[in-house]
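# sequence and computational prediction follow.
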Amino acid sequence: MNTLLSVENLKVSVEDKAILNGINLRINAGEFHVIMGPNGSGKSSLSYTLMGHPRYAITNGTVSFDGEVINDLTPDKRAKLGVFLAMQHPLEVEGVTLKDFLRQAYNALYDGTPKQKRLKEFAEHLINKCHLLGMDLSFAERSINVGFSGGEKKRAEMLQLAVLEPKLVILDEIDSGLDVDALKTVCQALNQVKKDNPSMAVLLITHYARILNYLQPDFVHILQNGEITKSGGPELAAQIETGGFNNQ
(Lines give C-alpha, C1' and ligand atoms only; values in the text may rest on other atoms or scores of the structure.)
Protein backbone atom coordinates (compact mmCIF):
# COMPACT_ATOMS: atom_id res chain seq x y z
CA MET A 1 0.00 0.00 0.00
CA ASN A 2 1.02 3.61 -0.53
CA THR A 3 2.53 5.03 2.68
CA LEU A 4 1.25 8.58 2.99
CA LEU A 5 2.59 9.61 6.41
CA SER A 6 5.63 8.08 8.08
CA VAL A 7 6.72 9.26 11.54
CA GLU A 8 9.94 7.72 12.82
CA ASN A 9 11.31 8.14 16.36
CA LEU A 10 9.88 11.66 16.52
CA LYS A 11 11.01 13.71 19.51
CA VAL A 12 9.71 17.24 19.99
CA SER A 13 10.25 19.98 22.53
CA VAL A 14 8.69 23.35 23.32
CA GLU A 15 11.00 25.90 24.91
CA ASP A 16 13.48 23.11 25.72
CA LYS A 17 10.80 20.99 27.43
CA ALA A 18 10.40 17.53 25.89
CA ILE A 19 6.78 16.78 24.96
CA LEU A 20 7.05 13.94 22.43
CA ASN A 21 9.47 11.15 23.27
CA GLY A 22 9.86 8.94 20.22
CA ILE A 23 6.65 8.66 18.21
CA ASN A 24 6.46 5.99 15.50
CA LEU A 25 3.43 6.01 13.24
CA ARG A 26 2.66 4.95 9.68
CA ILE A 27 -0.52 5.87 7.81
CA ASN A 28 -1.38 4.61 4.34
CA ALA A 29 -3.61 6.39 1.86
CA GLY A 30 -7.28 5.82 2.67
CA GLU A 31 -6.72 4.61 6.24
CA PHE A 32 -8.53 5.93 9.30
CA HIS A 33 -6.40 6.15 12.46
CA VAL A 34 -7.43 7.30 15.94
CA ILE A 35 -5.10 8.51 18.68
CA MET A 36 -6.46 8.47 22.23
CA GLY A 37 -4.82 9.55 25.44
CA PRO A 38 -5.30 11.44 28.70
CA ASN A 39 -4.84 15.18 29.09
CA GLY A 40 -1.22 16.27 28.69
CA SER A 41 -0.16 13.11 26.90
CA GLY A 42 0.99 14.97 23.76
CA LYS A 43 -1.95 14.39 21.41
CA SER A 44 -2.47 17.99 20.31
CA SER A 45 1.30 18.54 20.30
CA LEU A 46 1.59 15.76 17.75
CA SER A 47 -1.06 17.36 15.53
CA TYR A 48 0.64 20.75 15.66
CA THR A 49 4.03 19.19 14.93
CA LEU A 50 2.69 17.33 11.90
CA MET A 51 1.23 20.61 10.59
CA GLY A 52 4.53 22.47 11.13
CA HIS A 53 3.71 24.83 14.01
CA PRO A 54 6.97 26.79 14.56
CA ARG A 55 6.71 26.56 18.36
CA TYR A 56 7.19 22.79 18.23
CA ALA A 57 10.86 21.99 17.61
CA ILE A 58 11.78 18.57 16.25
CA THR A 59 14.87 17.42 18.15
CA ASN A 60 15.10 13.94 16.66
CA GLY A 61 13.47 11.73 14.06
CA THR A 62 11.68 12.39 10.79
CA VAL A 63 8.23 13.17 9.45
CA SER A 64 7.77 12.06 5.83
CA PHE A 65 4.73 12.79 3.72
CA ASP A 66 4.12 11.11 0.39
CA GLY A 67 7.79 10.11 0.28
CA GLU A 68 9.18 13.58 1.14
CA VAL A 69 10.78 14.52 4.47
CA ILE A 70 8.86 17.57 5.69
CA ASN A 71 10.62 18.32 8.99
CA ASP A 72 11.60 21.82 7.85
CA LEU A 73 8.57 22.73 5.75
CA THR A 74 6.31 25.60 6.81
CA PRO A 75 2.57 24.97 7.35
CA ASP A 76 1.59 26.50 4.01
CA LYS A 77 3.95 24.19 2.14
CA ARG A 78 2.62 21.17 4.03
CA ALA A 79 -0.91 22.27 3.14
CA LYS A 80 0.06 22.42 -0.54
CA LEU A 81 1.30 18.84 -0.26
CA GLY A 82 -2.14 17.83 1.04
CA VAL A 83 -2.02 18.04 4.86
CA PHE A 84 -5.04 19.58 6.63
CA LEU A 85 -5.47 20.31 10.33
CA ALA A 86 -8.92 20.86 11.84
CA MET A 87 -8.26 22.61 15.14
CA GLN A 88 -10.04 22.06 18.43
CA HIS A 89 -11.02 25.73 18.63
CA PRO A 90 -11.40 27.25 15.13
CA LEU A 91 -10.84 30.99 14.83
CA GLU A 92 -13.56 33.52 14.05
CA VAL A 93 -12.88 35.90 11.14
CA GLU A 94 -15.28 38.81 10.87
CA GLY A 95 -16.00 40.14 7.37
CA VAL A 96 -14.61 37.16 5.42
CA THR A 97 -17.24 34.73 4.20
CA LEU A 98 -16.62 31.02 4.32
CA LYS A 99 -17.24 30.93 0.56
CA ASP A 100 -14.57 33.54 -0.22
CA PHE A 101 -12.10 31.92 2.16
CA LEU A 102 -12.60 28.52 0.55
CA ARG A 103 -12.17 29.92 -2.96
CA GLN A 104 -8.90 31.66 -2.03
CA ALA A 105 -7.63 28.61 -0.13
CA TYR A 106 -8.55 26.23 -2.94
CA ASN A 107 -6.79 28.26 -5.63
CA ALA A 108 -3.75 28.81 -3.39
CA LEU A 109 -3.45 25.05 -2.93
CA TYR A 110 -3.97 24.13 -6.59
CA ASP A 111 -2.43 27.15 -8.33
CA GLY A 112 -0.81 26.07 -11.61
CA THR A 113 -2.34 22.59 -11.51
CA PRO A 114 -5.18 21.05 -13.53
CA LYS A 115 -7.40 21.29 -10.44
CA GLN A 116 -7.34 25.10 -10.37
CA LYS A 117 -10.81 26.52 -11.01
CA ARG A 118 -12.22 29.72 -12.45
CA LEU A 119 -14.85 31.60 -10.44
CA LYS A 120 -17.83 29.86 -12.05
CA GLU A 121 -16.17 26.45 -11.82
CA PHE A 122 -15.42 26.95 -8.14
CA ALA A 123 -19.00 28.07 -7.47
CA GLU A 124 -20.25 24.82 -8.99
CA HIS A 125 -17.69 22.86 -6.95
CA LEU A 126 -18.85 24.53 -3.73
CA ILE A 127 -22.52 23.94 -4.54
CA ASN A 128 -21.82 20.26 -5.18
CA LYS A 129 -20.01 19.88 -1.86
CA CYS A 130 -22.77 21.67 0.04
CA HIS A 131 -25.27 19.29 -1.52
CA LEU A 132 -23.04 16.35 -0.63
CA LEU A 133 -23.16 17.35 3.04
CA GLY A 134 -26.80 18.39 3.03
CA MET A 135 -25.92 22.04 3.71
CA ASP A 136 -27.79 25.09 2.46
CA LEU A 137 -25.50 27.32 0.38
CA SER A 138 -26.38 30.23 2.69
CA PHE A 139 -24.15 28.57 5.31
CA ALA A 140 -21.13 29.46 3.15
CA GLU A 141 -22.25 33.10 2.91
CA ARG A 142 -21.63 33.69 6.63
CA SER A 143 -18.45 35.18 8.10
CA ILE A 144 -16.04 32.43 9.13
CA ASN A 145 -17.26 30.96 12.44
CA VAL A 146 -18.77 34.29 13.60
CA GLY A 147 -21.88 33.51 15.63
CA PHE A 148 -21.50 29.80 14.88
CA SER A 149 -22.46 27.23 17.47
CA GLY A 150 -19.88 24.59 18.37
CA GLY A 151 -21.52 22.15 15.99
CA GLU A 152 -21.65 24.71 13.17
CA LYS A 153 -17.93 25.42 13.54
CA LYS A 154 -17.15 21.74 13.14
CA ARG A 155 -19.57 21.43 10.20
CA ALA A 156 -17.74 24.34 8.58
CA GLU A 157 -14.52 22.37 8.86
CA MET A 158 -16.18 19.34 7.28
CA LEU A 159 -17.16 21.61 4.36
CA GLN A 160 -13.52 22.72 4.12
CA LEU A 161 -12.45 19.07 3.91
CA ALA A 162 -14.97 18.39 1.18
CA VAL A 163 -13.98 21.44 -0.87
CA LEU A 164 -10.19 21.37 -0.43
CA GLU A 165 -9.83 17.59 -0.82
CA PRO A 166 -6.62 17.07 1.21
CA LYS A 167 -4.71 13.81 1.20
CA LEU A 168 -4.39 13.67 5.01
CA VAL A 169 -6.84 15.14 7.50
CA ILE A 170 -5.74 15.65 11.11
CA LEU A 171 -8.75 16.20 13.37
CA ASP A 172 -7.79 17.55 16.80
CA GLU A 173 -10.61 16.74 19.24
CA ILE A 174 -13.45 17.72 16.93
CA ASP A 175 -15.84 16.26 19.50
CA SER A 176 -14.85 18.85 22.09
CA GLY A 177 -17.87 20.78 23.37
CA LEU A 178 -20.41 19.02 21.15
CA ASP A 179 -23.69 17.61 22.40
CA VAL A 180 -24.84 14.21 21.17
CA ASP A 181 -26.91 15.55 18.27
CA ALA A 182 -24.14 17.87 17.03
CA LEU A 183 -21.57 15.09 17.35
CA LYS A 184 -23.70 12.75 15.28
CA THR A 185 -24.22 15.41 12.57
CA VAL A 186 -20.49 16.18 12.33
CA CYS A 187 -19.58 12.50 12.15
CA GLN A 188 -22.15 11.93 9.40
CA ALA A 189 -20.52 14.75 7.45
CA LEU A 190 -17.06 13.26 7.96
CA ASN A 191 -18.26 9.84 6.84
CA GLN A 192 -19.75 11.40 3.71
CA VAL A 193 -16.53 13.28 2.88
CA LYS A 194 -14.51 10.09 3.39
CA LYS A 195 -16.90 8.12 1.17
CA ASP A 196 -16.62 10.79 -1.52
CA ASN A 197 -12.80 10.75 -1.32
CA PRO A 198 -11.80 7.17 -0.37
CA SER A 199 -8.04 7.78 -0.80
CA MET A 200 -8.11 10.50 1.89
CA ALA A 201 -6.44 9.40 5.12
CA VAL A 202 -7.74 10.51 8.52
CA LEU A 203 -5.91 10.93 11.83
CA LEU A 204 -8.47 11.63 14.55
CA ILE A 205 -7.34 12.74 18.01
CA THR A 206 -9.78 12.35 20.88
CA HIS A 207 -10.19 11.75 24.62
CA TYR A 208 -13.36 9.72 24.43
CA ALA A 209 -14.51 6.61 22.63
CA ARG A 210 -18.06 7.97 22.22
CA ILE A 211 -17.20 9.57 18.86
CA LEU A 212 -16.38 6.10 17.54
CA ASN A 213 -20.04 5.16 17.89
CA TYR A 214 -20.47 7.04 14.60
CA LEU A 215 -17.13 6.36 12.88
CA GLN A 216 -15.27 3.24 11.78
CA PRO A 217 -11.49 3.56 12.24
CA ASP A 218 -9.00 1.00 10.99
CA PHE A 219 -6.51 1.50 13.82
CA VAL A 220 -6.52 2.93 17.35
CA HIS A 221 -3.35 4.08 19.13
CA ILE A 222 -2.86 4.98 22.80
CA LEU A 223 -0.55 7.93 23.47
CA GLN A 224 0.78 8.44 26.99
CA ASN A 225 3.69 10.58 28.22
CA GLY A 226 4.64 11.52 24.68
CA GLU A 227 4.82 7.95 23.39
CA ILE A 228 2.48 5.56 21.59
CA THR A 229 2.23 2.77 24.13
CA LYS A 230 -0.25 0.48 22.41
CA SER A 231 -1.88 0.04 19.00
CA GLY A 232 -4.76 -2.11 17.84
CA GLY A 233 -8.13 -2.15 16.16
CA PRO A 234 -11.39 -0.45 17.15
CA GLU A 235 -11.75 -2.86 20.07
CA LEU A 236 -8.91 -1.01 21.82
CA ALA A 237 -11.13 2.08 22.14
CA ALA A 238 -13.80 -0.03 23.83
CA GLN A 239 -11.20 -1.30 26.31
CA ILE A 240 -10.26 2.29 27.14
CA GLU A 241 -13.91 3.17 27.69
CA THR A 242 -14.32 0.44 30.28
CA GLY A 243 -10.87 0.23 31.87
CA GLY A 244 -9.32 3.67 31.37
CA PHE A 245 -5.84 4.47 30.09
CA ASN A 246 -3.89 3.29 33.13
CA ASN A 247 -4.97 -0.33 32.66
CA GLN A 248 -3.64 -0.64 29.11
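Thanks, I have the structure now.
# so residue 26 versus residue 59, what's the distance?
Distance of residue 26 to residue 59, computed by C-beta to C-beta, to the nearest Å: 21 Å. (C-beta placed from N, C-alpha, C; glycine too.)
# kindly report the same for residue 179.
Distance of residue 179 to residue 59, computed by C-beta to C-beta: 40 Å.
# could you do residue 164 as well?
Residue 164 is 31 Å from residue 59, by C-beta to C-beta.
# these two: who's more crowded?
Neighbours per residue (other C-beta atoms under 10 Å) separate residue 164 from residue 59, with residue 164 holding more: 18 against 11.
# that one contacts residue 84, correct?
Yes - counting by C-beta atoms under 8 Å, residue 84 is a contact partner of residue 164 at 6.5 Å.
# what touches both of these two?
Common neighbours of residue 164 and residue 84, using C-beta atoms under 8 Å, 6 or more residues apart in numbering, do not exist here.
# name the nearest residue to residue 19, sequence neighbours excluded.
Leaving aside its sequence neighbours, residue 19 sits nearest to residue 45 (C-beta to C-beta, 6 or more residues apart in numbering; 4.8 Å).
# please disregard the earlier target; I meant residue 119.
That would be residue 103: by C-beta to C-beta, 6+ apart, it lies 7.6 Å from residue 119.
# wait, is residue 223 part of a helix?
No - assessed with DSSP: H, G, I helix; E, B strand; the rest coil, residue 223 is strand; it does not lie in a helix.
# that one reaches residue 43, doesn't it?
Yes - with contacts counted by C-beta under 8 Å, residue 223 reaches residue 43, the gap being 5.6 Å.
# shared neighbours of these two, anything?
Taking C-beta under 8 Å, 6+ apart as the contact rule, residue 223 and residue 43 both touch 35-37.
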